[in-house]
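# Okay, predicted coordinates and the sequence, questions at the end:
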Amino acid sequence: MLLEAFSAAILGLTLAWAAARRLPHRLPARLLVLPTGVAGALFGAFVTHTALGAGGLVPVLLGSATLSAASLSLLLRPAGRLRRSSATA
């Protein structure tokens with residue numbers, strides 16, 4: 001269990017770092033992005049381990065990567081300006 005948690009935290013930190021490096025204009029500050037990735041990965045590992053039991057390291061890491069990516073995607077901002085049409089047009 002400890003190896004799963006440590007591996008999930010490293011995986012979440014890596015995903016968050018890659019997202020912050022690749023999309024800095026669409027994400028908030030790294031001070032928010034990095035802990036969000038780690039927390040999402042740890043929560044994903046917890047949920048996957050609870051659902052599958054002691055099934056192995058690979059399914060737990062897949063679940064943690066999925067939930068980490070999902071939590072990071074919630075931080076994304078739109079790429080361009082939003083176009084607003086007037087109500088009378």
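That came through fine.

# Quick one: low-confidence residue ranges for the chain.
Counting by pLDDT under 70, the chain has low-confidence residues at 81-89.

# which SS class is the most centrally placed residue in it?
With distances taken as CA atoms, centre = their mean, the residue of the chain nearest its centroid is residue 68 (2.6 Å). The three-state assignment at residue 68 reads helix, by DSSP: H, G, I helix; E, B strand; the rest coil.

# contacting residues around it?
Going by CB atoms under 8 Å, 6 or more residues apart in numbering, residue 68 touches 11, 12, 15, 16, 37, 38, 40, 41, 44. Yep, even glycine has a C-beta here, placed from its N, CA and C like the rest.

# again, 6 Å this time
Residue 68 makes contact with 12, 15, 37, 40, 41, 44 under the criterion CB atoms under 6 Å, 6 or more residues apart in numbering.

# distance of it from residue 80?
Distance, residue 68 to residue 80, using CB to CB, to the nearest Å: 26 Å.

# just residue 48 next, same as before
Distance from residue 48 to residue 80, by CB to CB: 36 Å.

# Give me the more crowded residue out of the two.
Per other CB atoms under 10 Å, whichever of residue 48 and residue 80 has more neighbours is residue 48, with 22 against 5.

# Secondary structure element holding the more buried one?
helix 30-52 (DSSP states H and E).

# which helices and strands does that helix pack with?
Judged by 3 or more CB pairs under 6 Å, 6 or more residues apart in numbering; DSSP states H and E, helix 30-52 is in contact with helix 2-22, helix 57-73.

# who wins for proximity to residue 31 among those?
Set against residue 31 and scored by CB to CB, the helices and strands packed on helix 30-52 come closest in helix 2-22, at 9.9 Å.

# Any buried residues in that closest one, and which?
For helix 2-22, burial by neighbour count (16 or more other CB atoms under 10 Å) applies to 4, 5, 7, 8, 9, 11, 12, 13, 15, 16, 19, 20.

# Adding distance to residue 61 as columns, could you present those in JSON lines?
Converted to JSON lines, the buried residues of helix 2-22 look like this (distance: CB to CB, whole Å):
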{"residue": "4", "distance to residue 61": "8"}
{"residue": "5", "distance to residue 61": "11"}
{"residue": "7", "distance to residue 61": "6"}
{"residue": "8", "distance to residue 61": "6"}
{"residue": "9", "distance to residue 61": "11"}
{"residue": "11", "distance to residue 61": "6"}
{"residue": "12", "distance to residue 61": "10"}
{"residue": "13", "distance to residue 61": "13"}
{"residue": "15", "distance to residue 61": "11"}
{"residue": "16", "distance to residue 61": "15"}
{"residue": "19", "distance to residue 61": "17"}
{"residue": "20", "distance to residue 61": "21"}
